[in-house]
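J.: based on what follows, work out the 3D shape:
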Amino acid sequence: MSTGYLHGLHVDETASNAEALIRRGSVRMVQESWAEAEAYYRQALAIEPRHTWALNNLGQVLLEQRRFDEAVSCLREALRLDPHLAQAHINLGNTLKEQRQLGAAAECHKKAILIDARQTAAWIGLGNALHDMGKARNAVACYRFALRLKPDDVDAHHNLAYALARLGRFADAVEHNDRALRACPAHVRSLWQRAQLRLLQGDFERGWADYEQRWALSGAGPPSFEKFRWDGSSFSGKTLVVFADQGVGDTIQFLRYLPMVAARGGRVVFECQQALLPLLSDIAGTHEKVACGAVLPPYELRIPLLSLPGLFATTLATIPASIPYLRADPSLVKHWRQELAPLCGYKIGITWQGNPKPVGDCYRSFPLRCFESLARLPGVTLISLQKGHGAEQLRCFVGRVSYPSSGEVGRIENPSSSIVDLSDRLDNAGAFLDSAAVMMNLDLVITVDSALAHLAGALGVPVWVPLPVAPDWRWLLEREDCPWYPTMRLFRQRRIGAWSDVFERMAERFVRMQESHGWNTDQTRKSRFGDTVS
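T.: Prediction:
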């Protein structure tokens, strides 16, 4: 959601040597030759160390190279010398946003607007910071003001489309995405945005084609695998490398395509995240598995994992959903069955915080306190599967939290509003091995949209996923079921930021399921909480 290039430098025939160097640097900026532009600006500053435009433009070049600390230093020096340089406030705001200092970034853009309210880039930058702070409505207002100043601004239309989608205004989002592409048909970020909007609305046929735009987002040119790209035809007698090209959750979701690949030919090598290798030891459809970045065996063909749905022309009706396609380690399943068996009643595994780094996490993650209504239900014990970020919220939970070591789970009583935290004991033998085994011994998993949601779905475990108004494309719109995972139930926000209603509906659904299964708190669960969602 960048705002484009901000140079603002004009020189004439009487330019000094420093100004001539700055002019050359600006030409290189337009050409995106960042290293050359940096060299020119540094030469100019060697001649005139207090030249504010040289400092400002150097700061922007460093920002484009993601050298954020150096950029901040340059820009702050420019503003020390000239506090009224609106362009430097904008560049500093954009840099601080990249460092996730969102409040400070917003303040920089506000200062730029106070200096010159006609700065379109300042309104867009303010909107970007507010959007990432979870203030999508305020962001919309900023983008609309930018469009009043410059009606065909591609970035304003593109960013407005994102903010409108966050608010659930998908038709309006499509309109502004279209307007961005009319203004610039090759705008990569808008093409990528169109892919997500199409997939979200179930338009897979056109969505998969746009999804390939992900390779152009980095601006690095055609990916190196292109000359080896598999076209989906038979590859008998050859070796094909399928490689994971996105996050761990994506890898787990699209593993289902590997048997379909293997059915078309010879040897399949799967290149994936190192942490997943133990979990995937017996996954179907592969002859060999290697960690990302490791030396590959000789091969003739390659294909990214997330290009397979498009290659197989997947539609909503043809999603391969033979569940389970992952299996937990039987010895670990047995171990955790013994550990958890003494806990009476319903055992519900929970997570609440996704990776906080991606833009948009503030919309999908929710606080642990949202589980209080479920924790108070008779006979329910919540079992925390949360690791890393978000685990600190356990210290503030209103109920009781237990931290059992090995062999101690059975000594935990089942008080009202209780959580058993197993996080320190999970995944000691490799990522997700213990998590998968624990899930196989639970009655239900309720999890934020994260890799654990995909893990539960791929294992065939009953799983509920609370979703924001604008979910990730794979969860589609409106429906409560999930065509990717038959045992998954989706609970959607009705209003942006409002999670309490979502969890109230989950608690009500849970009570109805208790009643329909004829279970009471004096019984010990002897079987799973159903094999499919009801």
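J.: pull the longest helix from the protein.
T.: helix 500-517 (DSSP state H).
J.: send the alpha carbons of that one over as PDB?
T.: Extracted C-alpha coordinates of helix 500-517, given in PDB (Å, rounded to 0.1, in the frame of the first residue of the first chain):
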ATOM      1  CA  SER A 500     -18.500 -10.500  21.500                       C
ATOM      2  CA  ASP A 501     -21.500 -11.400  19.300                       C
ATOM      3  CA  VAL A 502     -19.400 -14.000  17.500                       C
ATOM      4  CA  PHE A 503     -18.500 -15.800  20.800                       C
ATOM      5  CA  GLU A 504     -22.100 -15.500  22.100                       C
ATOM      6  CA  ARG A 505     -23.200 -17.400  19.000                       C
ATOM      7  CA  MET A 506     -20.600 -20.000  19.500                       C
ATOM      8  CA  ALA A 507     -21.600 -20.500  23.100                       C
ATOM      9  CA  GLU A 508     -25.200 -20.900  22.100                       C
ATOM     10  CA  ARG A 509     -24.300 -23.400  19.400                       C
ATOM     11  CA  PHE A 510     -22.200 -25.300  21.800                       C
ATOM     12  CA  VAL A 511     -25.100 -25.600  24.300                       C
ATOM     13  CA  ARG A 512     -27.400 -26.800  21.500                       C
ATOM     14  CA  MET A 513     -24.800 -29.500  20.600                       C
ATOM     15  CA  GLN A 514     -24.500 -30.600  24.200                       C
ATOM     16  CA  GLU A 515     -28.300 -31.100  24.300                       C
ATOM     17  CA  SER A 516     -28.500 -32.800  21.000                       C
ATOM     18  CA  HIS A 517     -25.800 -35.300  22.000                       C
END
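J.: for it, packing partners?
T.: On a contact count with 3 or more CB pairs under 8 Å, 6 or more residues apart in numbering; DSSP states H and E, helix 500-517 meets helix 372-375, strand 463-467, strand 488-492. Where you see a C-beta, it was placed from the backbone N, CA and C, and this is true even at glycine.
J.: poorly predicted segments of the protein, please.
T.: Within the chain, the ranges that satisfy pLDDT under 70 run 1-16, 219-222, 398-399, 401, 403-417, 428-430, 517-534.
J.: look up how far residue 389 lies from the most centrally placed residue in the chain.
T.: Geometric centre of the chain, nearest residue: residue 358, 5.1 Å, by CA atoms, centre = their mean. Counting by CB to CB, to the nearest Å, the gap between residue 358 and residue 389 amounts to 12 Å.
J.: phi, psi of residue 426?
T.: Backbone torsions for residue 426, taken as degrees, to the nearest 10, come to phi -90, psi 150.
J.: give the contact list for it.
T.: By CB atoms under 8 Å, 6 or more residues apart in numbering, residue 426 lies in contact with 385, 387, 434-435, 438.
J.: which of these are buried?
T.: 385, 387, 434-435, 438 (16 or more other CB atoms under 10 Å).
J.: domain assignment for the protein?
T.: As given by automatic domain parsing, the domain ranges for the chain are 17-183, 224-311, 330-517.
J.: tell me the contacts of the closest residue to residue 283 other than its chain neighbours?
T.: Sequence neighbours aside, residue 255 is the residue nearest to residue 283 in space, at 6.1 Å (criterion: CB to CB, 6 or more residues apart in numbering). Residues in contact with residue 255 (CB under 8 Å, 6+ apart) are 280, 283, 305, 325-326, 458.
J.: cool, and residue 384?
T.: Residue 384 touches 349-351, 391, 394, 401, 419-423, counting by CB under 8 Å, 6+ apart.
J.: what about 10 Å?
T.: Applying CB atoms under 10 Å, 6 or more residues apart in numbering, we find residue 384 in contact with 349-352, 368, 371, 390-391, 393-394, 397, 401-403, 419-423, 426.
J.: now the phi/psi pair for it, please.
T.: phi -80, psi 120.
J.: for it, give the beta-bridge partners.
T.: residue 350, residue 421 (DSSP bridges).
J.: residue 284: neighbouring residues, count only.
T.: Per other CB atoms under 10 Å, the neighbour tally for residue 284 reads 13.
J.: residue 271 versus that one, what's the distance?
T.: Separation of residue 284 from residue 271 (CB to CB) stands at 17 Å.
J.: what subset of the contacts of residue 384 is buried?
T.: Burial by neighbour count, judged by 16+ other CB under 10 Å, picks out 349-352, 368, 371, 390-391, 397, 401-402, 419-423, 426 from the contacts of residue 384.
J.: would you mark the buried spots in stretch 284-302?
T.: For stretch 284-302, burial by neighbour count (16+ other CB under 10 Å) applies to 285-286, 289-290, 301-302.
J.: got the end-to-end distance for that stretch?
T.: One end of stretch 284-302 to the other measures 18 Å (CA to CA, to the nearest Å).
J.: hmm, back to that, which ones among the buried residues of stretch 284-302 are found in helices?
T.: Counted as lying in helices by DSSP H, out of these, is not a single one.
J.: want to throw those into JSON lines with distance to residue 213?
T.: Converted to JSON lines, these look like this (distance: CB to CB, whole Å):
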{"residue": "285", "distance to residue 213": "27"}
{"residue": "286", "distance to residue 213": "28"}
{"residue": "289", "distance to residue 213": "28"}
{"residue": "290", "distance to residue 213": "27"}
{"residue": "301", "distance to residue 213": "22"}
{"residue": "302", "distance to residue 213": "19"}
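J.: which one among those residues gets closest to residue 462?
T.: Of all these, residue 285 has the smallest distance to residue 462: 25.5 Å, by CB to CB.
J.: OK, contacts around the nearest residue to that closest one once chain neighbours are set aside?
T.: Using CB to CB, 6+ apart and skipping the chain neighbours, the partner closest in space to residue 285 is residue 258 (3.1 Å). With contact taken as CB under 10 Å, 6+ apart, residue 258 is in contact with 242, 268, 270, 280, 283-286, 305, 308, 325.
J.: any idea which of these has the most stuff around it?
T.: Within the contacts of residue 258, residue 242 tops the neighbour count with 26 neighbours, counted by other CB under 10 Å.
J.: separation between residue 351 and residue 426?
T.: 11 Å.
J.: now for those two: what residues contact both?
T.: Common contacts of residue 351 and residue 426, defined by CB under 10 Å, 6+ apart, comprise 384-387, 435.
J.: now name the helix or strand holding residue 168.
T.: Element membership for residue 168 (DSSP states H and E) is empty, with no helix or strand holding it.
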